[in-house]
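S.K.: Any chance you can model this:
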Amino acid sequence: MARYEHVAFDFDGVVADSAAVCADEINRLRAHFPTIPEVHNQDDFAFIYPGPLRTSLRRFGLSDESVRDFFDRHSARMMSRARELKPFVPVAKTLADMDPARFTIVTSSYSATVRDVLSRSMPGVSVDEISILGRELKMKKSAKFQRIMTENNLRPAQLLKIGDMVSDVLYAADAGIDCAAVGWGYHPLRYLKAFDARHFVSSPNELRNLLRKYATIGETYV
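M.R.: Numbers count the residues shown, from 1 in each chain. Purely as a prediction, here's the structure:
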């Protein structure tokens, strides 16, 4: 019997190859937030976001209000560049093969950005059937996991989070659910391995195999 009944996918860095655009927009925003360091690669992302996103930027002298302003501006800019974002093709294929009732996109991006990217990368799939819990909900990710469990009548052991940053591992732990940390996104896998994820995944094909082994999708496996 498969272990997980539902999968919560992060979007940026797991489904969408958005790191370059994200870094570019962080660097542009330094005109308004000059204490934030420049970002160019995974190690830079790990430096500015070593923990929960809401608190990491305090290290650079930003108040809670300034942090909210930064992320509001950044998310809006990412949405304006949605047409430049492309999915990791093997991950998009895995999503297309899954029953949309058995997974949710949990993201700090606006859901409109997610739907734009998915609609261009998953032909033949009704994107409107995919559940997306985006930034517009103004909820912590751990609260979004609780919402998924409530709406789907799940125990914590039945929900798996797929993420690419330390914050994903920490938010999953807050909700009492397992996390699979992937190494092709914003944080390097060697850094993620210092934290307590249940699974570590080095490639999209390895993720597909993990889901085949542990995640029931409808009556079959992905």
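S.K.: Beta-bridge partners for Cys16, please?
M.R.: Check again: residue 16 is Ala, not Cys. Asp12, Pro87 (DSSP bridges).
S.K.: contacting residues around it?
M.R.: Going by C-beta atoms under 8 Å, 6 or more residues apart in numbering, Ala16 touches 85-88, 114, 117. (Each C-beta comes from the backbone N, C-alpha and C, glycine too.)
S.K.: buried subset of those residues?
M.R.: Neighbour-count burial (16 or more other C-beta atoms under 10 Å) applied to these gives 85, 87-88, 114, 117.
S.K.: Now the two most distant members of those residues.
M.R.: The largest separation in these, counting by C-beta to C-beta, is between Phe88 and Val114 at 13.9 Å.
S.K.: Give me the three-state assignment for Pro90.
M.R.: Classification of Pro90 by DSSP: H, G, I helix; E, B strand; the rest coil places it in helix.
S.K.: looking at it, it is touching Asn209, isn't it?
M.R.: No: if you go by C-beta atoms under 8 Å, Pro90 and Asn209 don't touch, sitting 11.0 Å apart.
S.K.: quick one, what contacts Arg3?
M.R.: Contacts of Arg3 by C-beta under 8 Å, 6+ apart are 157-158, 160, 214-215.
S.K.: Helix, strand, or coil at Glu25?
M.R.: Under three-state DSSP, Glu25 comes out as helix.
S.K.: Give me the number of neighbouring residues for the residue lying closest to it once chain neighbours are set aside.
M.R.: Computed as C-beta to C-beta, 6 or more residues apart in numbering, the closest residue to Glu25 that is not its neighbour in sequence is Arg77, at 4.5 Å. Look at Arg77: counted by other C-beta atoms under 10 Å, it has 16 neighbours.
S.K.: what about Arg77, distance to Glu84?
M.R.: Going from Arg77 to Glu84 by C-beta to C-beta, to the nearest Å gives 11 Å.
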